[in-house]
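> Only the shape, not the letters, is given here:
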């Protein structure tokens, strides 16, 4: 608003003539003079005064109009003050919304407040003009001038009150936007404080790790990268905006908490890597010893069974030795990465070592497992045959449950499984049967039967659901 709440009272003070304090000696002289004046002269003077001979009429219609004008002036001043106060209070709310909310509704509210501000400037200017145009403290104020002052001031008051009504209506409509903005502002200070505390905690955790002899250079670099963000947080929402400051505070919080968490886990990670180095080194040594026993197993397989039963295992000793040597080389690299505190590299290398040793372990174990299974089936193949036939019969009973004839979708794979088993059993006849082929066929038959059973149960489940 172009005028402040003090303007009406300032103007009134400027136009009002403040009477001088009375002189005590002068008052005493006037009293003595009046006492010595003849009564007749006093009577004449009094009659002249009541007849209109004085310069000012102290009572009558003129003074009533002056009083009416003064009342209108006071009422206009009160309306002006109320409007000015309401606008000042509302400006704070609008600025709060503008600082927090950049939505279309918020922008419309700001523009509407500007429009109301221009109207307020206009009616305030008219009110100030009316006050300046009429000096109600003049001794020679004419009744007509007082009436004009009263009308002008009343008109100014009415315009001020009309705008005040619109301003109040606008203020009521700001409720949801203001509540949203205040909620955002309520989040601002706690969010910034949480970010600062998280940075402090991360710094302390990092200092503790370094004190234990761990460098944690990557964590230190990540923490240093957050320093510019902390600077922007300290500059405040007035420079960067409330929403942007809250977003930045949340990002700093997440980054600092991640650094703190990793710093606190770093000693444990170092100890875990040390344990894995020892464990995998021991396992590699054990596999070296075990792989030396593969060749005698292969010799036994070659002596007792046909070539089809062991040919695929021929490369195992050489592959095992090569894999163990590669694993040992990776262990040395992992040890070097651990010494340099390159934790991600050390972890990755140890995972590679573990995968190599797992593959080697499986290959070495396969040779001994092959000999054991071949010995079992060559001694008594009936156990494997009966195991497979039982799986087929169980599936067939399930396929016939509640039916007079099986569903072709289920019967066909089960019939094929029976034929396949019969062929595998027939292959055992002869001087040097391929027992390994027999074992792989029976395993294949059981897998086929298992798939058929899963399909049957799925169909039964759908039927019961309906």
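Yep, it's here. Source: prediction; values computed, not measured.

> List the contacts of the residue nearest the centre of the chain.
By C-alpha atoms, centre = their mean, the mean C-alpha position of the chain lies nearest to residue 250, the distance being 6.7 Å. Applying C-beta atoms under 8 Å, 6 or more residues apart in numbering to residue 250 gives the contacts 191, 195. The C-beta positions use only the backbone N, C-alpha and C, and glycine is treated the same way.

> gap between it and residue 225?
For residue 250, the distance to residue 225 (C-beta to C-beta, to the nearest Å) stands at 16 Å.

> And for residue 276?
Distance check for residue 276 against residue 225: by C-beta to C-beta, it reads 30 Å.

> And those two? Which one has more around it.
In this view residue 276 and residue 225 are compared by other C-beta atoms under 10 Å, and residue 276 has more residues nearby, 19 against 11.

> quick one: what helix or strand has that one in it?
Under the criterion of DSSP states H and E, residue 276 resides in helix 242-291.

> swap in residue 181?
Remark: residue 181 resides in helix 175-211, with elements defined by DSSP H and E.

> Could you check the angle that helix makes with helix 242-291?
Angular relation of helix 175-211 and helix 242-291 on a 0 to 180 degree scale: 40 degrees, by axes from the mean of the first three to the mean of the last three C-alpha atoms, to 10 degrees.

> distance between the helix or strand following helix 175-211 and the chain's centre?
The first helix or strand that comes after helix 175-211 along the chain, using DSSP H and E, is helix 217-225. Going by C-alpha atoms, centre = their mean, to the nearest Å, the spacing between the C-alpha centre of helix 217-225 and its chain's C-alpha centre is 23 Å.

> in helix 217-225, what's buried?
Neighbour-count burial for helix 217-225, with 16 or more other C-beta atoms under 10 Å as criterion, is recorded at 219, 220, 222, 223.

> The residue nearest to the second one when sequence neighbours are not counted and residue 250, how far apart?
What it means is residue 220. For residue 220, the nearest residue in space outside its immediate sequence neighbours is residue 206; the separation is 6.2 Å by C-beta to C-beta, 6 or more residues apart in numbering. Counting by C-beta to C-beta, the gap from residue 206 to residue 250 is 21 Å.

> what's the answer for residue 199, then?
Using C-beta to C-beta, one gets 13 Å for the distance from residue 199 to residue 250.

> Could I get the pLDDT score of residue 326?
Reading off the per-residue confidence, residue 326 sits at a pLDDT of 96.

> which residues touch it?
The neighbourhood of residue 326, defined by C-beta under 8 Å, 6+ apart, consists of residue 356.

> any idea which helix or strand carries it?
helix 316-339.

> how far off helix 242-291 does that helix point, in degrees?
Using the same axes, to 10 degrees: helix 316-339 against helix 242-291 is 140 degrees.

> mind listing what's buried in helix 316-339?
316-317, 319-321, 323-324, 326-328, 330-331, 333-335, 337-338.

> Give the helix, strand or coil label for residue 139.
coil (DSSP: H, G, I helix; E, B strand; the rest coil).

> what's around residue 148, how many residues?
16.

> ok, now which ones touch it?
Residues counted as contacts of residue 148 (C-beta under 8 Å, 6+ apart) are residue 134.

> one more time with 10 Å, if that's ok
The neighbours of residue 148, taking C-beta atoms under 10 Å, 6 or more residues apart in numbering as the test, are 65, 69, 130, 133, 134, 142.
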